[in-house]
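Chemist: Sequence and predicted structure are below.
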Amino acid sequence: MSKITVIYWSGSGNTEAMAEAVVEGAKAQGAEVRLLHVGEADKDTVAHADALAIGCPSMGAEVLEEAEMEPFISSIESVVAGKPIALFSVLTAGVTENGCRTGLPECKAAVPRW
């Protein structure tokens, strides 16, 4: 059974609702899933997961939330190499791919392009 950890930051509750939907979808496929606010997650959490789903709304000019999410992404570099990572985001307009991918290519994470 795959162990998937879903980590999110939400300012208004919309990204949290999306994270909960990701959890339900993964559980429906038989995965063991853990849901954490980014403030509850750390490098060990990431290291013990088979795969990750990370969600954050696009802030300002397509950047990550700076107080918790951006430092978290930077902190997991050494444990995400080759690990499958799904990214999800809530936005009102524009494209958020650049904001979600900040820092992850340098980590050598397995971030697919759709």
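Modeler: Okay, I see it.
Chemist: Average pLDDT for stretch 66-81, rounded please.
Modeler: Averaging pLDDT along stretch 66-81 yields 86.
Chemist: Could you list the single helix or strand in this structure with the lowest mean pLDDT?
Modeler: helix 97-100 (a mean of 50; mean pLDDT, DSSP states H and E).
Chemist: so what does the helix or strand hosting residue 20 touch, helix or strand wise?
Modeler: Element membership for residue 20 (DSSP states H and E) is helix 14-28. When contacts are defined as 3 or more Cβ pairs under 8 Å, 6 or more residues apart in numbering; DSSP states H and E, helix 14-28 sits against strand 3-8, strand 32-37, strand 51-55, strand 85-88. Backbone N, C-alpha and C define where each C-beta goes, glycine included.
Chemist: who does the residue nearest to the spatial centre of the chain bridge with?
Modeler: Computing the C-alpha centroid of the chain and ranking residues by Cα atoms, centre = their mean puts residue 54 first, at 0.8 Å. With DSSP bridges as the criterion, residue 54 is bridged to residue 7, residue 87.
Chemist: tally of neighbours for residue 81?
Modeler: 10 (other Cβ atoms under 10 Å).
Chemist: Would you confirm that it belongs to a helix?
Modeler: No: Residue 81 is assigned coil when assessed by DSSP: H, G, I helix; E, B strand; the rest coil, not a helix.
Chemist: got a list of contacts for the helix holding residue 20?
Modeler: For helix 14-28, contacts defined as Cβ atoms under 8 Å, 6 or more residues apart in numbering pick out 2, 4, 6-10, 33, 35, 37, 53, 55-57, 86, 88-90.
Chemist: And for stretch 30-46?
Modeler: Counting by Cβ under 8 Å, 6+ apart, 1-10, 16, 19-20, 23, 26-27, 49, 52, 56, 68-69, 72, 75-76, 78-80, 83 sit against stretch 30-46.
Chemist: let's go with 6 Å and repeat that
Modeler: If you take Cβ atoms under 6 Å, 6 or more residues apart in numbering as the criterion, stretch 30-46 is touched by 1-7, 9, 23, 26-27, 68-69, 72, 75-76, 79.
Chemist: Kindly supply the ChimeraX command isolating those of these that are buried.
Modeler: Selection of buried members from these for ChimeraX, criterion 16 or more other Cβ atoms under 10 Å:
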select :4,5,6,7,9,23,26,69,72,76,79
